[in-house]
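Trainee: here's my sequence, what's the structure:
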Amino acid sequence: MTDTSVRSQRAHRASVEVATSDMAQYLREVLGPKLTAYIADVADQKAVGRWASGTRKPQPRAEERLRSAYAVFHLLQSAESPHTVRAWMVGLNPQLDDESPATVLREGRFKDVLAAARAFLAGG
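Mentor: Below is the predicted model of the structure:
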């Protein structure tokens, strides 16, 4: 098993084991509430705070986007700084036809973002 495969497995496991409120809190801290809300495809960034506090739960599609973002962030953070990962999330990505990973996550194209993250870790 390659190093990237091991990192991918760990990131996936982290994303399914984390409580929704903890996941929302983490993403709010590392990405900010505005970007987290954007990825989740919700108009009100205050929703992220309600999810983080546990007073509300995201809709299933929003939670799916958040879990995917959480997994990708953990995968990349296993080798890069949080600052670099945040920049990667918002930057234009050649692996994604020059779209940002945040936009592609918002669109629900999770496999594409995961493949781009793995390529980034591999030096691409």
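Trainee: any idea which residue sits dead centre in this protein?
Mentor: For the chain, A69 is the residue whose C-alpha lies nearest the centre (C-alpha atoms, centre = their mean; 1.4 Å).
Trainee: in the strand or helix carrying it, what's buried?
Mentor: In this assignment (DSSP states H and E), A69 forms part of helix 60-77. Using 16 or more other C-beta atoms under 10 Å as the test for burial, helix 60-77 gives 62-63, 65-77. All C-beta spots, glycine's among them, are computed from the backbone N, C-alpha and C.
Trainee: and V18, how far from L96?
Mentor: Distance, V18 to L96, using C-beta to C-beta, to the nearest Å: 25 Å.
Trainee: just list the residues touching the residue nearest to the centre of the chain, thanks.
Mentor: Neighbouring residues of A69 by C-beta atoms under 8 Å, 6 or more residues apart in numbering: L27, L31, T36, I39, M89, A102, L105.
Trainee: just how off-centre is stretch 38-54 within its chain?
Mentor: Relative to the mean C-alpha coordinate of its chain, stretch 38-54 is positioned 14 Å out (C-alpha atoms, centre = their mean, to the nearest Å).
Trainee: with stretch 31-45 instead?
Mentor: Stretch 31-45 sits 11 Å away from the centroid of its parent chain (C-alpha atoms, centre = their mean).
Trainee: tell me the span between the first and last residue of that stretch.
Mentor: Across stretch 31-45, the terminal residues are separated by 12 Å (C-alpha to C-alpha, to the nearest Å).
Trainee: and the helices in the protein?
Mentor: Counting by DSSP state H, the chain has helices at residues 3-17, 20-31, 33-40, 46-53, 60-77, 82-90, 101-106, 110-121.
Trainee: thank you, goodbye.
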